[in-house]
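Colleague: Pasting the sequence and the predicted coordinates here, then a few questions.
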Amino acid sequence: MIDGRGTEKDVPTAVNWLRRTVRETDFEPARALLGQLAGAGILEGLVAPQTAVPWAALAAQKGEATALNWLKEQSAGENRPARTALAQILQAQEGDAAEIARLYAEAAEMGDAVAQYY
């Protein structure tokens, strides 16, 4: 449904099916695919950005560059969960400590409970 192979292309319906799969089974490949779609901008207007953060974080952890870039864009705005997720990814990759600390501090100031522990 996403790319139209075997059926008519219907992105909103495909996204609904993927979300249902994630909700009912927590199937990791479905979460990663949703993260790739977020990174590609396909979820814009279909899913709230805050909802897509965990999916994009998973895809970014699996090496999906578009998902990582999407998280960076979202964290530059007011998307608090994106800041925390990006900080966690950078920390796991042993990234720039100052940037990680800044992201955690900003997310904590915005009220992110997870970031408040860092």
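Modeller: Received, thanks.
Colleague: Poorly predicted segments of this protein, please.
Modeller: 1-6 (pLDDT under 70).
Colleague: what about the helices in it?
Modeller: For the chain, helices defined by DSSP state H occupy the ranges 11-25, 28-39, 49-61, 65-76, 80-92, 97-109.
Colleague: Okay, buried residues for the fifth one please.
Modeller: Think helix 80-92. Across helix 80-92, burial judged by 16 or more other Cβ atoms under 10 Å covers 80-91. C-betas here are computed from N, CA, C, even on glycine.
Colleague: Format the residues you listed as JSON lines; extra columns: distance to residue 46.
Modeller: Shown next, in JSON lines, are the buried residues of helix 80-92 (distance: Cβ to Cβ, whole Å):
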{"residue": "80", "distance to residue 46": "21"}
{"residue": "81", "distance to residue 46": "18"}
{"residue": "82", "distance to residue 46": "17"}
{"residue": "83", "distance to residue 46": "22"}
{"residue": "84", "distance to residue 46": "23"}
{"residue": "85", "distance to residue 46": "19"}
{"residue": "86", "distance to residue 46": "22"}
{"residue": "87", "distance to residue 46": "26"}
{"residue": "88", "distance to residue 46": "25"}
{"residue": "89", "distance to residue 46": "24"}
{"residue": "90", "distance to residue 46": "27"}
{"residue": "91", "distance to residue 46": "30"}
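Colleague: Kindly indicate which of these lies nearest residue 72.
Modeller: Nearest to residue 72 among the buried residues of helix 80-92 is residue 86, at 6.3 Å by Cβ to Cβ.
Colleague: what sits against the closest one?
Modeller: The neighbourhood of residue 86, defined by Cβ atoms under 8 Å, 6 or more residues apart in numbering, consists of 57, 71-72, 75, 103.
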